[in-house]
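> Okay, here's the prediction I keep looking at, along with the sequence it came from:
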Amino acid sequence: MDALLETPLSMHGTISKDGEMLSFVAEGLTDMIKRSSPMSRSRTESSVSSWSVGPSGAQTPSGHSISSVDSSASGWDSSASSMTGYSYSGLSRSASELTQSPDDIPPIDPRALMDLEVLAEKTSMSLQHMMSTLASDLHKMSSLTHACLGAYSEGVDNTCDAVDSSIKSMYALMAKCEELNSSLRPIYGLQEQM
């Protein structure tokens, strides 16, 4: 990590390490992207440098080399053997010198755009169908929950009515038993006379 902080890369951004992950945040990346847009390319086409293929197959501006950052120098685990990155000897040059000419950019395939549009439409239809199905299922679940609560409330009401009726019947039976007992008292006197 200390070796990376001393490289020219650290002058153009922030290098940070979080556990096993090493990250680099470039400063002024938005401006560099704006300068590399086709509008600025047409203005700076005369100052675009020639491109050459490096040893790893990546295109680099002529006069600039691609170097490999060793895992021992970066503090990474030895299982990750190397991390390939750009090491420019002249990073003070403007980003317009690093842009490609419009001729180097391949044309956009219209069939790919059509396929992308078809897939986006299918995804939209699938999402709409999923949302409508989800809304219908949620409505059914709400209706079922409401029906269950209604059945539970009705069952509790019926149980309370049945218990109340049973209590009333028990009190009525007790009253009839007392009436029967009072009506049988003369029979007890007749029994003693016999």
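All right, it came through fine. Numbering: from 1, shown residues only.

> and the longest helix seen in the chain, what other elements does it pack with?
If you go by DSSP state H, the chain has its longest helix at helix 110-183. Taking 3 or more Cβ pairs under 8 Å, 6 or more residues apart in numbering; DSSP states H and E as contact, there are no helices or strands that helix 110-183 lies on. C-beta: built from backbone N, CA, C; applies to glycine.

> Return the set of buried residues in the helix or strand just after that helix.
Following helix 110-183 in sequence order, the next helix or strand is helix 185-193 (DSSP states H and E). Within helix 185-193, no residue is scored as buried using 16 or more other Cβ atoms under 10 Å.

> Show me the protein divided up by domain.
Following automatic domain parsing, one finds the domains of the chain at 2-104, 107-194.

> tell me the mean pLDDT for the longest one?
When you say that, I think you mean domain 2-104. The pLDDT scores in domain 2-104 average 57.

> Same question for the last one.
The predicted model assigns domain 107-194 a mean pLDDT of 92.

> Name the SS class of Phe24, please.
strand (DSSP: H, G, I helix; E, B strand; the rest coil).

> Could you give the number of residues near it?
13 (other Cβ atoms under 10 Å).

> can you pull the contacts of it?
Leu9, Gly13, Thr14, Ile15, Ser16 (Cβ atoms under 8 Å, 6 or more residues apart in numbering).

> Against Ser153, how distant is it?
65 Å (Cβ to Cβ, to the nearest Å).

> Can I get stretch 25-33 in PDB? Just the C-alpha atoms.
The C-alpha trace of stretch 25-33 is given here as PDB (Å, rounded to 0.1, in the frame of the first residue of the first chain):
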ATOM      1  CA  VAL A  25     -11.000   7.100  -7.000                       C
ATOM      2  CA  ALA A  26     -10.000   9.500  -9.800                       C
ATOM      3  CA  GLU A  27     -10.200  13.200  -9.300                       C
ATOM      4  CA  GLY A  28     -12.000  15.200 -12.000                       C
ATOM      5  CA  LEU A  29     -13.400  12.100 -13.600                       C
ATOM      6  CA  THR A  30     -16.500  13.900 -14.800                       C
ATOM      7  CA  ASP A  31     -14.400  16.500 -16.600                       C
ATOM      8  CA  MET A  32     -12.300  13.800 -18.200                       C
ATOM      9  CA  ILE A  33     -15.400  12.000 -19.400                       C
END
